[in-house]
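Engineer: Fold the following, please.
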Amino acid sequence: MVVAAVGRVDLISEAPLREQVLDACEEDTVKRFVVVDLTGVTFLSVGSAPLFLRAHYHCLHRGRLLRVAVPPGPALHTLQLTGVRDVVAVYRDLPSALQSETRSPW
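Structural biologist: Okay, the predicted model is just below:
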């Protein structure tokens, strides 16, 4: 299951992304992974980064794993700066995040 975001993600624009990610974690399906595709994100605010920590634990609680696809750039920098990258599985691109046995290259 993939949830994609494009453009800027900040405290004002994060609500729809948060709802979609949490809904994906709760969906009644046999899918093991919820992948958040940030490859089209040009800015990720530090204040929005905790969204991925909450989603990570929300998914774990429901037997799913959260993965984030994010290329080098501002969004990855925010995930590194806030420590989210140390907790959540982060991948360089969407195809890598979708592979079932791929370990995070970061």
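Engineer: Run through the helices of this structure in chain order.
Structural biologist: Ranges of helices in the chain, per DSSP state H, are 14-26, 50-61, 74-81, 94-98.
Engineer: So which of the ones you listed is nearest Val2?
Structural biologist: Closest to Val2 of those, according to CB to CB: helix 94-98, at 7.2 Å. (Each C-beta comes from the backbone N, C-alpha and C, glycine too.)
Engineer: Please identify the buried residues of stretch 58-73?
Structural biologist: Buried positions in stretch 58-73, judged by neighbour count with 16 or more other CB atoms under 10 Å: 58-59, 64, 66-70.
Engineer: Return the subset of those lying in strands.
Structural biologist: Counting by DSSP state E, those place 66-69 in strands.
Engineer: pLDDT and distance to Val2 for those - can I get that in a markdown table?
Structural biologist: Output for these, formatted as a markdown table (pLDDT from 0 to 100; distance: CB to CB, whole Å):
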| residue | pLDDT | distance to Val2 |
| --- | --- | --- |
| Leu66 | 95 | 12 |
| Arg67 | 96 | 10 |
| Val68 | 97 | 11 |
| Ala69 | 97 | 8 |
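Engineer: Can you tell me the closest non-neighbouring residue to Val34?
Structural biologist: Closest residue in space to Val34, ignoring its immediate chain neighbours: Ala24 at 4.6 Å, by CB to CB, 6 or more residues apart in numbering.
Engineer: What pairs with the longest strand anywhere in the chain, parallel or antiparallel?
Structural biologist: Using DSSP E, we find that the single longest strand of the chain is strand 33-44. If you go by DSSP bridges, strand 33-44 pairs up with strand 2-9 (parallel), strand 65-69 (parallel).
Engineer: tell me the mean pLDDT over the first one?
Structural biologist: Read it as strand 2-9. The average of the pLDDT scores along strand 2-9 is 95.
Engineer: which outside residues touch that strand?
Structural biologist: Residues outside strand 2-9 that contact it (CB atoms under 8 Å, 6 or more residues apart in numbering): 13, 17, 20-21, 24, 34-45, 48, 75, 94, 98.
Engineer: next one: the shortest one
Structural biologist: Among residues not part of strand 65-69, those counted as contacts by CB under 8 Å, 6+ apart are 21, 25, 32-39, 52, 55-56, 59-60, 79, 88-94, 96-97, 104.
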